[in-house]
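J.: model this:
(2 chains)
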Amino acid sequence: GAVVSQHPSRVICKSGTSVKIECRSLDFQATTMFWYRQFPKQSLMLMATSNEGSKATYEQGVEKDKFLINHASLTLSTLTVTSAHPEDSSFYICSAGQGQAQHFGDGTRLSIL
Amino acid sequence: QKEVEQDPGPLSVPEGAIVSLNCTYSNSAFQYFMWYRQYSRKGPELLMYTYSSGNKEDGRFTAQVDKSSKYISLFIRDSQPSDSATYLCAMGGSGNTPLVFGKGTRLSVIA
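T.: As a prediction, this is how the structure comes out:
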């Protein structure tokens, strides 16, 4: 149980493109989902907390207009990287809260050329 | 002092060895403690979840929590090459608040 699906797993696109990443909890409902960014050989860096039906809470230093988060249902949150640039290239991972535990998707590797 | 401290390793052990991974923390409000395993290019996978001091065992894995010392451990018995991964400790308070993660320890089990 507790499966989180993240799509797409890999994106390669040109600079200036906007990219949408989906995070779905498949077998449970999640009022809260989290978005992380991870650089090679580094730990997870929390970007924002996504709450169903309300605005996301962003961590300090994360641009709200750059990383748009929508949590329209109890099973889906989306992260849109707007006008992506090479410095946005990274591994983005979502997680969905179930009780006190968090269950993670398999991540999206974003490469901006 | 960071909220959660974890030695990043890398840690290299022979197959069959007992592995001990540890984290210390400073926030006494933490009530829930987890260990995640992350393979390269994958998301973290929940291995163990505890909320009280003491030991919890699941197969070859044992999670240990000592709240008085603010110290948690993960033991892996009879380690296998397939256990080679990064292990992250995580802890949290209550409700749907973000977990605080350690930096992760890279483990290599050599056949």
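J.: nearest spatial neighbour of the residue nearest the centre of chain A, chain-adjacent residues omitted?
T.: By CA atoms, centre = their mean, the mean C-alpha position of chain A lies nearest to A:Trp35, the distance being 3.9 Å. Leaving aside its chain neighbours, A:Trp35 sits nearest to A:Met47 (4.6 Å; criterion: CB to CB, 6 or more residues apart in numbering or on different chains). (Each C-beta comes from the backbone N, C-alpha and C, glycine too.)
J.: which residues touch that neighbour?
T.: By CB atoms under 8 Å, 6 or more residues apart in numbering or on different chains, the contact list for A:Met47 reads A:Trp35, A:Tyr36, A:Arg37, A:Tyr58, A:Glu59, A:Val62, A:Phe67, A:Leu79.
J.: name the strands paired with the lowest-mean-pLDDT helix or strand in chain A and say parallel or antiparallel.
T.: The least trusted helix or strand in chain A, going by mean pLDDT, DSSP states H and E, turns out to be strand A:101-104, with a mean of 89. Next to strand A:101-104 in the sheet, as set by DSSP bridges, lie strand A:90-98 (antiparallel).
J.: the chain: strands as residue ranges?
T.: Assuming you mean chain A. A:4-7, A:10-13, A:19-25, A:32-38, A:44-51, A:57-58, A:67-73, A:76-81, A:90-98, A:101-104, A:108-112 (DSSP state E).
J.: sorry, I should have been clearer: chain B.
T.: In chain B, the strands defined using DSSP E lie at B:4-6, B:11-14, B:19-25, B:32-38, B:45-50, B:54-58, B:61-66, B:71-76, B:85-92, B:100-101, B:105-110.
J.: any low-confidence regions in the chain?
T.: With no chain named, the answer covers chain A. Along chain A, the model assigns pLDDT under 70 to residues A:1.
J.: was after chain B, sorry
T.: Residues of chain B meeting the criterion pLDDT under 70: B:1, B:94-96.
J.: tell me how far stretch B:65-84 lies from the chain's centre.
T.: Its chain's C-alpha centre and that of stretch B:65-84 lie 6 Å apart, by CA atoms, centre = their mean, to the nearest Å.
J.: tell me what the residue nearest to the centre of chain A is bridged to.
T.: A:Ala48, A:Cys94.
J.: now the strands of chain A in a markdown table, with distance to B:Tyr25?
T.: Shown next, in a markdown table, are these (distance: least, CB to CB, whole Å):
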| stretch | distance to B:Tyr25 |
| --- | --- |
| strand A:4-7 | 25 |
| strand A:10-13 | 35 |
| strand A:19-25 | 27 |
| strand A:32-38 | 19 |
| strand A:44-51 | 16 |
| strand A:57-58 | 23 |
| strand A:67-73 | 28 |
| strand A:76-81 | 28 |
| strand A:90-98 | 20 |
| strand A:101-104 | 17 |
| strand A:108-112 | 30 |
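J.: of all those strands, which lies closest to B:Met34?
T.: strand A:101-104 (6.3 Å; CB to CB).
J.: any idea how far the closest residue to B:Gly43 other than its chain neighbours lies from A:Ser43?
T.: Spatial nearest neighbour of B:Gly43, excluding adjacent residues (CB to CB, 6+ apart): A:Phe104 at 3.7 Å. Taking CB to CB, to the nearest Å as the measure, A:Phe104 and A:Ser43 are separated by 13 Å.
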